[in-house]
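> Sequence first, then the predicted structure:
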Amino acid sequence: MKKRYLSLLTVLFLSTVSALAQTFTLKSETLGGQATNKEFANTFGCTGENISPELHWENAPEGTKSFAITVYDPDAPTGSGFWHWVVTDIPADMNALKEGISGELPKGIVESRTDYGAAGYGGPCPPEGDRPHAYIVTVFALKTDKLGLDPNTPPAVVGFNLNANVIEKASIVFYGQR
């Protein structure tokens, strides 16, 4: 009985370790807990460098045919949040975007319109004196290789298509305040 109990515990332990090791995870070498001048926008009264962050992910789920990245501020005083970056059709064999790549992505990857009104990365720029805003960076593992969207597609339409095709997603959060 004791051997059987130990064997069962061993199997449970190894299963747990294996499951944890395979977690779809998003990381960044350039983002910390707080936005820096490098990430901040250079518009709406902000004077940042507006450089898109480095992002990399690992352990994509089985069946992933492409990835998408979004940066979203749920704290924006708009009633619907604010989309800062929307990237789709990232090939399944890619697992990183280098710092500053916005506007220079490989052919076939689509940067759609943000709430700034243009395609490409638009950094944080919360209202002066407002509470800290959370910026949620999410990588979506998708079951389709192309969403068929273009740079003029509004963020809400992109979001609808992402959620209709998501297998798994992973997020990190950073904060910004002026």
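Thanks, I have the structure now. Numbering: from 1, shown residues only.

> Which residue comes closest to Trp85 once chain neighbours are left out?
With Cβ to Cβ, 6 or more residues apart in numbering as the measure, Val71 is the residue that lies nearest to Trp85, at 4.0 Å, once sequence neighbours are left out. The C-beta positions use only the backbone N, C-alpha and C, and glycine is treated the same way.

> Quick check: mean pLDDT of the helix or strand where the one you found lies?
Val71 is part of strand 66-73 when elements are defined by DSSP states H and E. Here strand 66-73 scores 98 as its mean pLDDT.

> rewinding a little: correct me, but the residue nearest to Trp85 touches Phe82?
No: if you go by Cβ atoms under 8 Å, Val71 and Phe82 don't touch, sitting 9.4 Å apart.

> Tell me which of the two has more neighbours.
Using other Cβ atoms under 10 Å as the criterion, Val71 and Phe82 rank with Val71 on top: 25 against 22.

> ok, back up a step: show me what the residue nearest to Trp85 bridges to in the sheet.
Val71 forms beta bridges with Trp85, Val137, as assigned by DSSP bridges.

> Quick one: residues contacting it.
When the contact criterion is Cβ atoms under 8 Å, 6 or more residues apart in numbering, the partners of Val71 are Trp83, His84, Trp85, Tyr121, Tyr135, Ile136, Val137, Thr138.
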